[in-house]
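Enquirer: build me a model from this:
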Amino acid sequence: MFDVPAYACRSLQRLSSAERNRFLKAWHLLGRGGILALAREGDMALAGPGVCEALLARSWASRHRDPGEMLRLALAARDVAAELKTREFGRKTVAALQARSWGELANAYRVAGRAAEAARAFHEAFGRLELNIDSHLATHLLELNATFHGWSGDPGRAVAGLAFVAEVYETLGETHLAGRARITQSIFLSRCGRKDEALRLSSQGLLEIDRERDPLLTLTAFHNRLLLLLELGQRDALRQELALNRAAYSGTGAGAGEGLNVLALRLRWMEGRVLHDLGELEAAEMVLRQARDGLTALGLPHFSAVASLDLVATLLRQGRSEEAEVEALAAEAMFLSLEGRHDFLGVLLVLETAFGSGLATAELVEQALALLRQKELERGQRLLR
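Expert: Numbering: from 1, shown residues only. A predicted model of the protein is given here:
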């Protein structure tokens, strides 16, 4: 019913009956109309552990859907936690909620690309931890902090931190959470160039996680595993992976959350890239068109534009240059409509010139795609510094 981290479930159980009722009311009001609904519809003050828990829970639930809402709710939870009185709710409860609210705010800043504010918020979170606070909470904060370091350009530090987190979760009997930490760790191992280790750790994590408990994590793990196999050139393993796991991500539809739909389409897109590399061009074309159209329908023009370029390369491999040029022009128009994508213009200009002079080849488009993906990675890291 509630999309909250595992450690937060224990915190909810420790609320008094009155605060638990306030949590339930605030949870539903926030889901209907955001923070304003608390006052307008529920006549509820932004105060107390129950409301703070609801704000934190709704912030966490927004992490894949709306980063702006995630941040707004985390800021409100931080403010509510700051006003909690130890004489009324106890020192341990207040310290834990303040540490949690600062930690979730730090994570929201990370998602929003505001690295300096994220670093300061993590400092505040760890400063409020006490030795007798739930070890699950401390480990969760360490996991968030390690992920922050990884996305802000220090993957080696992330790898070390997540290895420690996974071991702690194992000690606590949290096999699923240990698997999640290993899957995240494998992403940063790959960025350190340790592809074989990353693949092994990804496999271990997939065996440990509860796939029904967190289907989005499962899809993320599949996606990264496909990337690793593609980069390592393990074509037979790629075919087997696609055959075994296609059903796990192709069945998401209207009933799935938007985050699931987006990742399912990105996995479909990845499948098209894999089929292209394997030389199965007709199948690749069909899959890439499906992925591109789905990403466009969800309002994701950047992903749709890059998927279109993958389609362009596939069409050129089939000798269909006129169709490829039409798709390339459409992709260029999508790129030019985006804000903050000026660093891609040089690549687009080269492609436009190549098509205009009749010199466009699949190899040239594939090289452009590799450069665009590298620029996207660098751009993400710059935003988080």
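Enquirer: so what's the most centrally placed residue in the chain scoring on pLDDT?
Expert: Taking C-alpha atoms, centre = their mean, the centroid of the chain lies closest to residue 64, which sits 6.4 Å from it. pLDDT, residue 64: 70.
Enquirer: you'd agree it is up against residue 216?
Expert: Yes. Assessed by C-beta atoms under 8 Å, residue 64 is found in contact with residue 216 at 6.5 Å. (Each C-beta comes from the backbone N, C-alpha and C, glycine too.)
Enquirer: what ranges do the strands span in the stretch 1-150 of the chain?
Expert: Using DSSP state E, counting those that start in this stretch, the stretch 1-150 of the chain contains no strands.
Enquirer: can you pull out the low-pLDDT segments for it?
Expert: Low-confidence segments of the stretch 1-150 of the chain, defined by pLDDT under 70: 1-10, 41-42, 131-133.
Enquirer: the helices in it, which residues?
Expert: With DSSP state H, counting those that start in this stretch, the ranges of helices along the stretch 1-150 of the chain come out as 6-13, 17-33, 35-40, 49-61, 67-82, 86-89, 91-111, 115-127, 135-151.
Enquirer: and the ones you listed, which is most packed in?
Expert: Greatest average neighbour count among those goes to helix 49-61 (a mean of 26), per mean count of other C-beta atoms under 10 Å.
Enquirer: contacts for that one next, please.
Expert: When contacts are defined by C-beta atoms under 8 Å, 6 or more residues apart in numbering, helix 49-61 is touched by residues 2-5, 8, 11-12, 15, 18-23, 26-27, 30-31, 35, 38, 44-45, 69-71, 73-74, 76-77, 80-81, 84, 89, 93, 97, 100-101, 104, 108.
Enquirer: restrict that helix to CA atoms and write it as PDB.
Expert: C-alpha atoms of helix 49-61 as PDB (Å, rounded to 0.1, in the frame of the first residue of the first chain):
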ATOM      1  CA  PRO A  49       5.800  12.500  13.500                       C
ATOM      2  CA  GLY A  50       2.800  11.100  11.600                       C
ATOM      3  CA  VAL A  51       2.800  14.000   9.100                       C
ATOM      4  CA  CYS A  52       6.600  13.900   8.800                       C
ATOM      5  CA  GLU A  53       6.400  10.100   8.000                       C
ATOM      6  CA  ALA A  54       3.800  10.800   5.400                       C
ATOM      7  CA  LEU A  55       5.900  13.500   3.700                       C
ATOM      8  CA  LEU A  56       8.900  11.300   3.700                       C
ATOM      9  CA  ALA A  57       6.900   8.400   2.300                       C
ATOM     10  CA  ARG A  58       5.400  10.500  -0.500                       C
ATOM     11  CA  SER A  59       8.800  12.000  -1.300                       C
ATOM     12  CA  TRP A  60      10.300   8.500  -1.700                       C
ATOM     13  CA  ALA A  61       7.300   7.400  -3.800                       C
END
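Enquirer: and the angle for it with helix 67-82?
Expert: Using axes from the mean of the first three to the mean of the last three C-alpha atoms, to 10 degrees, one finds that helix 49-61 and helix 67-82 are set 160 degrees apart in direction.
Enquirer: what is the orientation angle of helix 49-61 with helix 91-111?
Expert: Put simply, helix 49-61 runs at 20 degrees to helix 91-111, going by the same axes, to 10 degrees.
Enquirer: could I get the average pLDDT for stretch 304-319?
Expert: Mean per-residue pLDDT for stretch 304-319: 88.
Enquirer: what residues sit buried inside that stretch?
Expert: Neighbour counts over stretch 304-319 (16 or more other C-beta atoms under 10 Å) mark 304-317 as buried.
Enquirer: how close does residue 116 get to residue 83?
Expert: 25 Å (C-beta to C-beta, to the nearest Å).
Enquirer: also residue 40?
Expert: Distance, residue 40 to residue 83, using C-beta to C-beta: 21 Å.
Enquirer: repeat that for residue 231.
Expert: Per C-beta to C-beta, residue 231 is found 50 Å from residue 83.
Enquirer: cool, and residue 275?
Expert: Distance, residue 275 to residue 83, by C-beta to C-beta: 56 Å.
Enquirer: and if you look at residue 170?
Expert: Applying C-beta to C-beta to residue 170 and residue 83 gives a distance of 37 Å.
Enquirer: hmm, residue 366 is touching residue 313, no?
Expert: Yes. Using C-beta under 8 Å, residue 366 makes contact with residue 313 at a distance of 5.2 Å.
Enquirer: so which strand or helix has residue 273?
Expert: In the assignment (DSSP states H and E), residue 273 maps to helix 258-277.
Enquirer: what is the helix or strand following that helix packed up against?
Expert: The C-terminal neighbour of helix 258-277 among helices and strands, as given by DSSP H and E, is helix 281-297. On a contact count with 3 or more C-beta pairs under 8 Å, 6 or more residues apart in numbering; DSSP states H and E, helix 281-297 meets helix 258-277, helix 301-317.
Enquirer: please repeat the previous calculation with a cut-off of 10 Å.
Expert: With contacts taken as 3 or more C-beta pairs under 10 Å, 6 or more residues apart in numbering; DSSP states H and E, helix 281-297 sits against helix 258-277, helix 301-317, helix 321-336.
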